[in-house]
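J.: sequence and predicted structure are below.
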Amino acid sequence: ATFTPTADSTTNGVIMVASSKFSGSSGNTNNDGSDANNSITFTVDTVRPTIAITDDDDDNSLSAGDTSTLTFTLSEASTNFVQSDVTISGGSLSNWNAVSSTVYTATFTPTADSTTDGVISVASSKFSGSSGNTNNDGADANNSVTFTVDTVRPTIAITEDDADDSLSAGDTSTLTFTLS
């Protein structure tokens with residue numbers, strides 16, 4: 001026989017045969033239901049750890065010079081969750097800090113001179129809990145943060161209509177200011 005524990009459970013698996021459940025060829029039924037060798041107990045932990053990513057930016061919009069502090073909260077302790085488990089596009093992470101075995105923080109800085117969204121996420125099977133189960137929540141909505149990014153700084157160009165760039169008494173020049 002094969003025993004398969006219940007998914008997402010920490011309830012121990014107990015297998016036993018009670019008394020009077022089978023009989024021998026002479027018709028006598030078993031009477032050993034309470035014997036120590038008639039029970040097997042498995043410690044079960046099939047609960048996969050999860051992660052939630054939050055940020056400190058109220059509108060999830062970052063401009064030139066802005067950064068955001070990200071918090072990664074795990075549902076159970078992990079000893080192998082590291083910065084390289086995090087997928088980043090449109091910027092970079094710095095200041096990685098393990099606050100505890102379930103809470104980590106980092107700073108997201110968007111790419112300079114860019115309008116590419118900043119996306120931070122953790123895929124499934126990147127870290128495990130103490131029982132060895134790996135996370136399986138890569139597609140969950142709380143496992144990704146997206147920032148609208150505009151770090152392109154405006155520019156200005158000034159032109160004038162005086163051909164020799166020289167003004168005498170009574171001369172004028174029209175200036176044109178063009179903003180990007």
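T.: Great, that's in hand. Here the structure is a predicted model, which means the values were calculated and not measured. Residues are numbered from 1 along each chain as shown.
J.: any idea how far the residue positioned nearest the centre of the chain is from residue 116?
T.: Closest residue to the average C-alpha location of the chain: residue 122 at 3.7 Å, with Cα atoms, centre = their mean. In this view, residue 122 and residue 116 are 20 Å apart by Cβ to Cβ, to the nearest Å. Bear in mind the C-beta positions are built from the backbone N, C-alpha and C, glycine included.
J.: ok, residue 18 next?
T.: Going from residue 18 to residue 116 by Cβ to Cβ gives 65 Å.
J.: got it, and residue 65?
T.: Taking Cβ to Cβ, one finds residue 65 at 17 Å from residue 116.
J.: who has more neighbours, the two?
T.: Legend: neighbour count by other Cβ atoms under 10 Å for residue 65 and residue 116, higher for residue 116 (14 against 10).
J.: quick one: contacts for the nearest residue to residue 140 once chain neighbours are set aside?
T.: Counting by Cβ to Cβ, 6 or more residues apart in numbering, residue 140 lies nearest to residue 50, which is 7.1 Å off, once chain neighbours are set aside. Residue 50 makes contacts with 74, 75, 135, 137, 140, 143, as judged by Cβ atoms under 8 Å, 6 or more residues apart in numbering.
J.: one more time with 10 Å, if that's ok
T.: 73, 74, 75, 76, 122, 129, 135, 136, 137, 140, 142, 143 (Cβ atoms under 10 Å, 6 or more residues apart in numbering).
J.: again with residue 177
T.: Going by Cβ under 10 Å, 6+ apart, residue 177 touches 156, 157, 158, 159.
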